[in-house]
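A.B. asks: sequence plus the predicted model coming up.
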Amino acid sequence: YYMDYDNQLVQTGELNYVGCSIMTDVKESYRRGLELSFGYRPIKQLEWTGNITYSQNRIQNYTETAAHYDTLWAESYDTVSLGETHISYSPEIIASSVITYSPIKNLGLSLITKYVGEQYFDNTSSENRKLDAYLLQNFRIDYSCKFKGLTTINVQFLVNNLLDIDYISNAYGGNWYEQGTEKTWAYYFPQAGRNYMVKLSLDF
């Protein structure tokens, strides 16, 4: 795919006073990439499905506006042309995989893997405002049983973050300058370690 934008609204990386993302207009930008999906069943009881996306998401000729403070702490807002930069919250690589084994009827055991590449949480491509890539694995058990003439009971048991890794999936922040030196402020959303969930549903 290839999408060429004129006046695209993108997130700045900052939030307003009620926690909503602040947007800004960028004159020229594009998103282009390749998406692939697959499915493979070597035997009746085993299935492997997945997808991967590689993309480039760029702002052309991005102009940064930031607060600058001089030696007397007088504030001014200056603009700097940064050239081509990454669009915020747009990882270049995203991939997922689901391997499901069904040893008996109505029972499924699934290993779910998700990969999210590194991404910037503002539009300056600054290494100080970037999230690291992470690889996450979950395990899921699905079981269903049907009662004749009545209903179907579906039970699902999930182990999220199976390997108990430390990862951060989101953040927000920005920057300012003190006597020409860039400073960063940022807030991060670390995710839970290994956790469990049970789901019960009834189909009538």
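C.D. replies: Yes, it's here. Note that this is a predicted model, so its numbers are computed, not measured.
A.B. asks: Pro91: neighbouring residues, count only.
C.D. replies: 18 (other C-beta atoms under 10 Å). In short, each C-beta sits where N, CA and C put it, glycine included.
A.B. asks: now Phe38
C.D. replies: 10.
A.B. asks: what about Gly19, distance to Tyr172?
C.D. replies: For Gly19, the distance to Tyr172 equals 9 Å [C-beta to C-beta, to the nearest Å].
A.B. asks: repeat for Pro91
C.D. replies: Relative to Tyr172, and taking C-beta to C-beta, Pro91 is found at 16 Å.
A.B. asks: which one's more surrounded, Gly19 and Tyr172?
C.D. replies: Set Gly19 next to Tyr172 and count neighbours by other C-beta under 10 Å: Tyr172 wins out with 22 against 7.
A.B. asks: what comes into contact with the helix or strand harbouring that one?
C.D. replies: Following DSSP states H and E, one finds Tyr172 within strand 168-178. Residues outside strand 168-178 that contact it (C-beta atoms under 8 Å, 6 or more residues apart in numbering): 12-15, 21, 66-69, 78, 116, 121-122, 124, 126, 128-129, 131-132, 134, 182-191.
A.B. asks: ditto for stretch 7-25
C.D. replies: With C-beta under 8 Å, 6+ apart, stretch 7-25 has contacts from 26-27, 29, 59, 87-89, 120-123, 129, 172-174.
A.B. asks: distance between the ends of it?
C.D. replies: This stretch, stretch 7-25, spans 6 Å end to end (C-alpha to C-alpha, to the nearest Å).
A.B. asks: sort out for me which of the contacts of strand 168-178 are in strands.
C.D. replies: In strands, defined here by DSSP state E, the members of the contacts of strand 168-178 are 12-15, 21, 66-69, 78, 116, 131, 134, 182-190.
A.B. asks: mark which of those residues are buried, thanks.
C.D. replies: Buried residues within those, counting neighbours by 16 or more other C-beta atoms under 10 Å: 12-13, 66, 68-69, 116, 131, 134, 186.
A.B. asks: thought Ile94 was touching Val116?
C.D. replies: Yes - Ile94 is within contact range of Val116, at 5.7 Å (criterion: C-beta atoms under 8 Å).
A.B. asks: flag the shaky bits of the chain, pLDDT-wise.
C.D. replies: Residue ranges of the chain with pLDDT under 70: 149.
A.B. asks: let's go with 80 and repeat that
C.D. replies: Applying pLDDT under 80 to the chain flags residues 147-150, 204.
A.B. asks: now the helices for it?
C.D. replies: Read by DSSP state H, the chain holds no helices at all.
A.B. asks: tell me the gap between stretch 179-188 and the middle of its chain.
C.D. replies: Centroid separation for stretch 179-188 versus its chain: 23 Å, with C-alpha atoms, centre = their mean, to the nearest Å.
A.B. asks: run through who's touching it.
C.D. replies: 68-71, 121, 126, 128-129, 168, 170-177.
A.B. asks: which among the residues you listed count as buried?
C.D. replies: Buried, going by 16+ other C-beta under 10 Å: 68-69, 121, 126, 129, 171-175, 177, out of these.
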